[in-house]
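> just the structure for this:
(2 chains)
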Protein chains: 2
Amino acid sequence: MQSAPALQKLLDELERLPGIGAKSAQRIAYWMMNTDSATVLRLADAITEVKRTVHFCSRCFNYAEDDLCEICQSADRDGGIICVVSEPRDIAAIERTGAFGGTYHVLGGELSPMEGVGPDDLHIAELLRRLASEDVREIIVATNPNVEGETTAAYVARLVKPLDVTVSRLASGMPVGGELDFVDEVTLSRAIEARRPL
Amino acid sequence: MQSAPALQKLLDELERLPGIGAKSAQRIAYWMMNTDSATVLRLADAITEVKRTVHFCSRCFNYAEDDLCEICQSADRDGGIICVVSEPRDIAAIERTGAFGGTYHVLGGELSPMEGVGPDDLHIAELLRRLASEDVREIIVATNPNVEGETTAAYVARLVKPLDVTVSRLASGMPVGGELDFVDEVTLSRAIEARRPL
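Here you go, the predicted model:
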């Protein structure tokens, strides 16, 4: 029994977050109780603001505050080359290298029969639509270098190749079995430069 | 580079939380993006509500929505016996056992020279003030069964004993070196019943 219903409600909501169990929720709630209101309410405001202003880019499914994300809106990016990634955070990882000047396409996951994720659950149809309507000469498939990522890459390559578009995969050099998001910038940068045809 | 400033702000605020690093913050933010607004905004509301309505009980320093917490307000609790705990969450742990019908006093931490926590940082003076003004016959010191908790218990016992108040400590039976909050309910229940004089 918690003595304050509002606190119990906060604990319930915190436990809904991925990776947060009962103990973590208690620690976070206690921190919130002991921290000044301004600091704590900045988090509440940030959550509200994100849900109000941020959605997915209508073209590439990156995070966006307008209809298109900042990268899709930029005149400096090469629309002829699309880097296909699993999640928006992978874009952040690649942008940090500064080694890529094209645009992106976020699949929203990777094929995984185990978890019941099939082609229709990913933004693959939207990618094919972009290839039909935009002037794209190359696709770099930058899904994670693990089983799901490789499967997804092979699937995408098979669909894209007949469309007269060069398809490449990030070069080896990345640790196998890992996740793209964890790779250091130099390794990731080299992997982009030495990408191999698929 | 994240493409949405509001998202970057959310990540910054999430990383302020205890136990949340950059990776956890990304995972939580992505979950928030992919979850319906109603669910996510319930968390923002719960945070705001807690900061608006919950503070510390003016008597025992438990969480409270009024001046006094629910336990201090209750006519069913025995005010003659005070269980002294380190943090409000320890109250929740003891209440779950149903083995204690007295009131509580939250110290707000434990003595720790290593972390610079001295007697003045804890609500010990307030406990002595309660013993002077309330009709208390017994104190159960339920600080954690580790070095800081034992030190704190010995310190409190030394101050309280001259005041003609029985001082006891939770019985052994709890795993030594652990934290009260992790103990199962049966063990904790027995430890309350078999508390030993200090």
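> and the longest strand that chain A contains, does that touch chain B?
Criterion DSSP state E: the longest strand present in chain A is strand A:78-85. No - using C-beta under 8 Å from any C-beta of the partner chain, strand A:78-85 stays clear of chain B, with a minimum separation of 12.6 Å. Where C-beta positions appear, they are placed from N, C-alpha and C, glycine not excepted.
> which residues touch that strand?
A:60, A:91, A:94, A:100-107, A:127, A:130, A:134-143, A:156, A:180 (C-beta atoms under 8 Å, 6 or more residues apart in numbering or on different chains).
> flag every buried residue along the next helix or strand after that strand.
Using DSSP states H and E, the helix or strand that follows strand A:78-85 in sequence is helix A:88-97. By 16 or more other C-beta atoms under 10 Å in any protein chain shown, the buried positions in helix A:88-97 come out as A:Pro88, A:Arg89, A:Asp90, A:Ile91, A:Ala92, A:Ala93, A:Ile94, A:Thr97.
> same check on stretch A:66-86?
So, applying 16+ other C-beta under 10 Å, buried residues of stretch A:66-86: A:68-72, A:77, A:79, A:81-86.
> which helices and strands does the helix or strand encompassing A:Leu10 pack with?
Assigned by DSSP H and E, A:Leu10 belongs to helix A:5-15. If you count contacts as 3 or more C-beta pairs under 8 Å, 6 or more residues apart in numbering or on different chains; DSSP states H and E, helix A:5-15 packs onto helix A:22-34, helix B:37-53.
> got the CA positions of stretch A:23-43 in CSV?
Provided in CSV are the C-alpha atoms of stretch A:23-43 (Å, rounded to 0.1, in the frame of the first residue of the first chain):
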residue,chain,number,x,y,z
LYS,A,23,12.2,-1.2,-8.5
SER,A,24,13.3,1.2,-11.2
ALA,A,25,9.9,2.9,-11.1
GLN,A,26,10.2,3.3,-7.3
ARG,A,27,13.7,4.8,-7.6
ILE,A,28,12.5,7.2,-10.3
ALA,A,29,9.4,8.2,-8.4
TYR,A,30,11.4,8.8,-5.3
TRP,A,31,13.9,10.9,-7.3
MET,A,32,10.9,13.0,-8.6
MET,A,33,9.6,13.5,-5.1
ASN,A,34,13.0,14.8,-3.9
THR,A,35,13.8,16.9,-7.0
ASP,A,36,12.5,20.5,-7.5
SER,A,37,9.3,20.8,-9.4
ALA,A,38,10.8,22.8,-12.3
THR,A,39,13.2,20.0,-13.2
VAL,A,40,10.6,17.3,-12.9
LEU,A,41,7.9,19.2,-14.8
ARG,A,42,10.3,19.8,-17.7
LEU,A,43,10.1,16.0,-18.3
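> per-residue confidence averaged over that stretch?
Taken as a whole, stretch A:23-43 carries a mean pLDDT of 92.
> and of the buried residues of stretch A:66-86, the nearest to B:Val160?
Distance to B:Val160, by C-beta to C-beta, is smallest for A:Ser86 among the buried residues of stretch A:66-86, at 60.0 Å.
> correct me, but that closest one touches A:Leu111?
No - applying C-beta atoms under 8 Å, one finds A:Ser86 not in contact with A:Leu111, separated by 10.0 Å.
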